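**Q** The sequence and its predicted three-dimensional model are supplied below.
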Amino acid sequence: MSVTAVAAEPRVQGRPSWFRLDTFVLGAAIVALIVLVVLPVASLLVGAVRSEDGLTFEYFERALTGRSYLRALGNSLVLGAWTGLLSIAIGVPLAWAVSRTNVPGKGLIQATATLSYLSPPFLTAIAFVNLFSPNAGIVNVFLRDVVGINFGFNIFTMSGLVFVTVLHTFPFVYLLASSALQSVDASYEEAAQILGASKIRTALTITAPLVAPAILSGTLLAFVNAIALFGSQAIIGLPGGIVTLPTRIYSLFDYPPQYGLASALSLLFIAITVIALYLQRAFLSRRSYVTLAGKGARPQLMDLGAGRWVLFGACVLTFIVAIALPYGTLAAVSFSKSWGLDFWQNLTFDNYRFILFDYDVTKRAIANSLLLAIIASTICVLLGTLLSWIDIRTKWPGRKILDYAALIPLGLPGIVMAVAILQFWLSMPVALYGTLGILLLAYVGRYVPLGVRAANSSLRQIDPSLEESARILGASWGKTLWEITLPLIRPGLFAGWLLVFVPVIQELSASILLFSSSSITLAVAIYNLYETGSTEPVAALALVNMVIVAGAIFFAQKFGGSKLGLKTGETSRSGAAS
């Protein structure tokens, strides 16, 4: 049989032969997934039903009946519901403006959504505390001392918490809705307008129902992310007496730690995510959202006339509130000796010298975060490539279950993953708590789904016949992977690497439970400095954080030929997977 004939009918590997290099490497990847994800998550259930006296449901009973825990649950649900609704109110109009109208400045809108997604919510929270805290917020001080108005804004309320959270979550709705709007057949809207429907009525009665699945998926992601964020809920919620599930779980690790109750609350967190996903699918299953358009369909751009400038003004306002205001505030604070109305009279670089050269804690935190982010991103991409290879290129039994297991952490908040890691590794005869090792395990376990999705989507675009031809010509499995497969999927792998690096470098939810003085990370250092009232060094460290993220994006684009992966299509896949 000729090489050409074989290449025309590519084969995939059959059942594994246990004495080959590829079987050993791929088997090691499976074991790693089980240790990183499956066993820690299973330990949550074990920890929630096990006590010194044996099997018990006491922890679940306390979680479901205790007044403080029910109040925390209620606050989380209220936060998630309002955040989801407001994410729709912001994300859908912006998506419609970009996809279906002739509004100017579409690049600005896309940049706003991307930067809002990249911005750590706890940094945004710190910025708005500097602006709107009741007594010392610069806006309130200006209104009181200059304008003479005593009425001030109070950021430490549920409304303030929802406001800060929405600035991070509306991109989920925007990106998914934008992708759907670009795919809907424009003939439906044209027919409605021919029959006399106004542009607004057409958008509300024709377009919006067709993109409902994407909007609901984005809302679900906004809801899940909103209730999972620890940093903003601690920075804004706790001073205002608003306790949520993440902050309540965190409080359970004060001495003596209550691991069983923390596990029960963590499982309650997972149950909320599962119920939300079930309700979304139940709603969507009642009707059809299929259109008859093919890929040739082109969406119609509505001419809004003078109204396009009104819409553009709303988009500019979103950019100012979500990006310019918080980062302008952080920049101003970082260069001032003392934050206040006259900050421009005492500009200084001392805060940057302090955090970068003088203060050992921040120097160690920056080095730890960079090291952990680089290693975790690399491991996630390599592990994701091997797991995707098993799923796509082999016929191993159970490979689909393996793929689903790799996606489990997508639905787990960081603090839940930290509890799972603690429950599992504290029962092991290995002293990992408080080390960089346990942080690395937590990061890889939590973000390996991003590596799997990036590698999976890239690997599906490569014809297996290329690899088959190399094997027939005598190349080993390892050489084929190194010289054929990896170079072809390099852009996708760099995108996956970046998608892991960015959240790891600013991860707080899991790190806050797992760090020690020697393994402190950048996000934890920012939070600890904020807790001590060091406003100006906090702002400087926050900007250093964003400089590191910008450098990582430049690196991935320069050497990998990839972008962040916030394209609507890829976000849709991630959203559907979660």
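**A** Noted; the coordinates are in hand.
**Q** how about the strand or helix carrying Y527: buried residues?
**A** Y527 belongs to helix 522-531 when assigned by DSSP states H and E. For helix 522-531, the neighbour count (16 or more other C-beta atoms under 10 Å) marks 522-530 as buried. Heads up, the C-betas are built off the backbone N, CA and C, glycines and all.
**Q** For that helix, list the C-alpha coordinates in PDB.
**A** Extracted C-alpha coordinates of helix 522-531, given in PDB (Å, rounded to 0.1, in the frame of the first residue of the first chain):
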ATOM      1  CA  LEU A 522       1.000  39.000  44.200                       C
ATOM      2  CA  ALA A 523      -2.800  39.100  44.700                       C
ATOM      3  CA  VAL A 524      -2.600  38.100  48.300                       C
ATOM      4  CA  ALA A 525       0.100  40.700  48.900                       C
ATOM      5  CA  ILE A 526      -2.200  43.400  47.400                       C
ATOM      6  CA  TYR A 527      -5.100  42.200  49.600                       C
ATOM      7  CA  ASN A 528      -2.900  42.100  52.800                       C
ATOM      8  CA  LEU A 529      -1.500  45.600  52.100                       C
ATOM      9  CA  TYR A 530      -5.100  46.900  51.600                       C
ATOM     10  CA  GLU A 531      -6.200  45.300  54.900                       C
END
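**Q** what residues does it touch?
**A** Contacts to helix 522-531, defined as C-beta atoms under 8 Å, 6 or more residues apart in numbering, come from residues 120, 122-123, 126, 231, 234-235, 361-362, 365-366, 368-369, 505-508, 511-512, 515, 520, 537-538, 541-542, 544-545, 548.
**Q** tell me the mean pLDDT over that helix?
**A** Helix 522-531 carries an average pLDDT of 93.
**Q** what ranges do the helices span in the stretch 401-550 of the chain?
**A** For the stretch 401-550 of the chain, helices defined by DSSP state H, counting those that start in this stretch occupy the ranges 414-425, 436-459, 464-472, 477-480, 486-488, 490-505, 511-514, 522-531, 535-560.
**Q** any chance of those in a markdown table, plus distance to S198?
**A** Output for these, formatted as a markdown table (distance: least, C-beta to C-beta, whole Å):
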| stretch | distance to S198 |
| --- | --- |
| helix 414-425 | 46 |
| helix 436-459 | 40 |
| helix 464-472 | 52 |
| helix 477-480 | 59 |
| helix 486-488 | 50 |
| helix 490-505 | 41 |
| helix 511-514 | 51 |
| helix 522-531 | 48 |
| helix 535-560 | 42 |
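**Q** Out of those helices, the one nearest T65 is which?
**A** Smallest distance to T65 across the helices of the stretch 401-550 of the chain (C-beta to C-beta): 20.4 Å, for helix 414-425.
**Q** Please name every helix or strand in contact with the closest one.
**A** When contacts are defined as 3 or more C-beta pairs under 8 Å, 6 or more residues apart in numbering; DSSP states H and E, helix 414-425 sits against helix 39-49, helix 212-228, helix 245-251, helix 259-284, helix 436-459, helix 511-514.
**Q** would you turn those into TSV with distance to L311 and mean neighbour count?
**A** TSV is the format used below for those (distance: least, C-beta to C-beta, whole Å; neighbours: other C-beta atoms under 10 Å):
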stretch	distance to L311	mean neighbour count
helix 39-49	45	21
helix 212-228	19	24
helix 245-251	36	23
helix 259-284	29	18
helix 436-459	33	25
helix 511-514	40	25
